[in-house]
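> Need coordinates for the below:
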Amino acid sequence: MDDLIPIAALNQYAYCPHRCWRMFCLDGFVDNQYTIEGASLHERVHTLGEGHREETWQIRAIWLKSERYRLIGKADLIEETDGHWVPVEYKRGKRGEFDNDALQVCAQALCLEEMIGSPVPVGYVYYAQTHQRQPIELSATLRQMTIEAIAAITEILNTGKMPPAIYGPRCKGCSLYEQCLPKATEKMKRYLEAI
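Have a look, this model is predicted:
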């Protein structure tokens with residue numbers, strides 16, 4: 001497959017591999033309250049432009065690309081201060097307990113590093129509900145997790161193989177819950193194992 005992987009796929013994969021498969025192999029995205037709120041936030045954020053905020057140069061809605069990692073996506077905000085570049089990803093809620101937002105920021109940083117030719121040690125996630133930025137240290141561990149997720153997504157996109165639908169806490173707000181029905185899948189699996 002020669003296509004580039006959307007950076008957003010890393011967030012979806014880290015949240016739930018089955019969700020990622022549905023969205024990027026089946027084109028099966030469905031909106032709910034949370035996704036509509038997120039889309040509304042991104043419409044406001046993705047007003048193309050650049051400017052200065054005190055000593056910081058800000059660029060909104062800029063495309064990032066990495067040939068090395070085969071990634072492409074639009075960054076919500078890139079900031080530069082004194083030669084230091086930082087990706088800032090906007091999210092509608094408050095800081096979650098999962099690592100999916102961190103992987104998305106790390107993927108943006110990998111692209112940015114390739115584009116500017118210098119390291120990006122930190123990124124941020126801005127959570128609209130709390131109006132706070134959460135720093136994301138782009139550690140060797142997070143970078144390795146991101147690279148592994150890229151490889152797994154590449155495999156899913158190349159083979160189309162469906163990851164299992166596994167019920168968990170993340171299912172509660174998932175807009176695709178009705179499509180994958182992880183509890184029903186779990187019951188069916190136990191039933192088939194019992195016969």
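
> I'd say Tyr177 and Gly168 touch.
No - counting by C-beta atoms under 8 Å, Tyr177 does not reach Gly168; the two are 11.3 Å apart. The way it works is simple: take the backbone N, C-alpha and C, and place the C-beta from them, glycine included.

> With neighbour numbers in mind, choose between these two.
Tyr177 (18 against 9; other C-beta atoms under 10 Å).

> Nearest residue to the more buried one in space, ignoring adjacent ones along the chain?
Cys171 (5.5 Å; C-beta to C-beta, 6 or more residues apart in numbering).

> Surely that neighbour is within a strand?
No - if the criterion is DSSP: H, G, I helix; E, B strand; the rest coil, then Cys171 is helix and not within a strand.

> For it, grab the count of nearby residues.
Neighbours of Cys171 under the rule other C-beta under 10 Å: 18.

> Go ahead and confirm it touches Glu178.
No - in this structure Cys171 lies outside contact range of Glu178 using C-beta under 8 Å: 10.6 Å.

> Lowest mean pLDDT among the helices and strands of this structure, which one is it?
One helix or strand of the chain scores below all others by mean pLDDT, DSSP states H and E: helix 33-45, with a mean of 52.

> Now do whatever helix or strand His18 lives in, average pLDDT.
In the assignment (DSSP states H and E), His18 maps to helix 17-24. Averaged across helix 17-24, the pLDDT comes to 90.

> Give the other helices and strands that it contacts.
Packing contacts for helix 17-24, counted by 3 or more C-beta pairs under 8 Å, 6 or more residues apart in numbering; DSSP states H and E, involve helix 8-15, helix 140-159, helix 177-180.

> so which of those is the most packed in?
When the helices and strands packed on helix 17-24 are scored by mean count of other C-beta atoms under 10 Å, the highest mean neighbour count falls to helix 8-15 (a mean of 23).

> Now do that helix: everything it contacts.
Here helix 8-15 makes contact (C-beta atoms under 8 Å, 6 or more residues apart in numbering) with 19-20, 23-24, 73, 98-101, 103-104, 106-107, 146, 149-150, 152-153, 156, 170.

> how about 7 Å then?
19-20, 23-24, 73, 98-101, 103-104, 107, 146, 149-150, 152-153, 170 (C-beta atoms under 7 Å, 6 or more residues apart in numbering).
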